[in-house]
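> Dropping the sequence and predicted coords here.
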Amino acid sequence: MSSQQPTESLAKTGGIFLNRAQAEAAQQVLIEAGIPAEGLSIQESAIDPNPPLSKSKGAKSARSGAITGGLFGSIVAILLSFSAQNFPGDSPVSFAGSSQAGVVIGVIGVAAGALGGALIGLLTGSSAPSADADPRPNSKYLLLIQAQAKDLGKVRDLVRQQGGEIQI
């Protein structure tokens, strides 16, 4: 005769913890409360592999990109304005002989360069975590629990008391 209990009476739940020590402490509390150790396991989980924008280098990269793009845009604008002055009838940027062509081209060049540089900087920097961010900011620890269905409420309460968040 087997002492195993039918699988119909077993229920599963899980709690998310921010660090392994919390998950292990909760596991120990559950064992002390009578939950069999073979029904408990801890798994490390990366919930979101990309850091949030506020914890990335996105803003700093966008700022650097805007400055670099603005400088590049101003150089291109200066070259185009010289082109408009030296070839007034043939230049596509001469604006039909307008004397303000150099100013307009300069403003457009700086704005386009800054916008393009900022966008490229933001996109490239948003996936890199900032230097002051936790090196593993997205790591969470999942305590998986298989227990008797009648004990499920008690198990969830104990997990919450240990600082876990019930996910399953």
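On my side now, so go ahead. As the structure is a computational prediction, the values presented were derived from the model and not from experiment. Residues are numbered from 1 along each chain as shown.
> the domain parsing of this structure - what is it?
Structural domains annotated on the chain: 7-49+138-166, 53-125, as defined by automatic domain parsing.
> For L142, see how far away I168 is.
For I168, the distance to L142 equals 9 Å [Cβ to Cβ, to the nearest Å]. Using the backbone N, CA and C atoms, a C-beta is placed for each residue, glycine as well.
> Could you tell me the least trusted of the domains of the chain?
Of all the domains of the chain, the minimum mean pLDDT falls on domain 53-125 (a mean of 74).
> I'd like the next helix or strand past the helix ranked longest in the chain.
When the chain is scanned for its longest helix (criterion: DSSP state H), the result is helix 58-86. On the C-terminal side of helix 58-86, the closest following helix or strand by DSSP states H and E is helix 101-125.
> helices or strands up against that next one?
Contact analysis of helix 101-125 by 3 or more Cβ pairs under 8 Å, 6 or more residues apart in numbering; DSSP states H and E lists helix 58-86 as its packing neighbours.
> Now the helix it packs on: buried residues?
By neighbour count on 16 or more other Cβ atoms under 10 Å, the buried set for helix 58-86 is 58-59, 61-62, 65-66, 68-70, 72-74, 76-77, 80-81, 83-84.
> More neighbours: which of I168 and L142?
Set side by side, I168 and L142 show more neighbours around L142, with 19 against 12, by other Cβ atoms under 10 Å.
> Alpha carbons of the strand or helix carrying the more buried one, in CSV - could you do that?
Using DSSP H and E, L142 falls within strand 139-148. Below are the C-alpha coordinates for strand 139-148, written out as CSV (Å, rounded to 0.1, in the frame of the first residue of the first chain):
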residue,chain,number,x,y,z
SER,A,139,16.3,38.9,-11.8
LYS,A,140,13.5,37.6,-9.6
TYR,A,141,13.2,34.4,-7.7
LEU,A,142,10.2,32.2,-8.2
LEU,A,143,9.3,29.8,-5.3
LEU,A,144,7.2,27.1,-6.9
ILE,A,145,5.0,25.3,-4.4
GLN,A,146,3.0,22.0,-4.8
ALA,A,147,0.9,21.3,-1.7
GLN,A,148,-2.5,19.9,-0.7
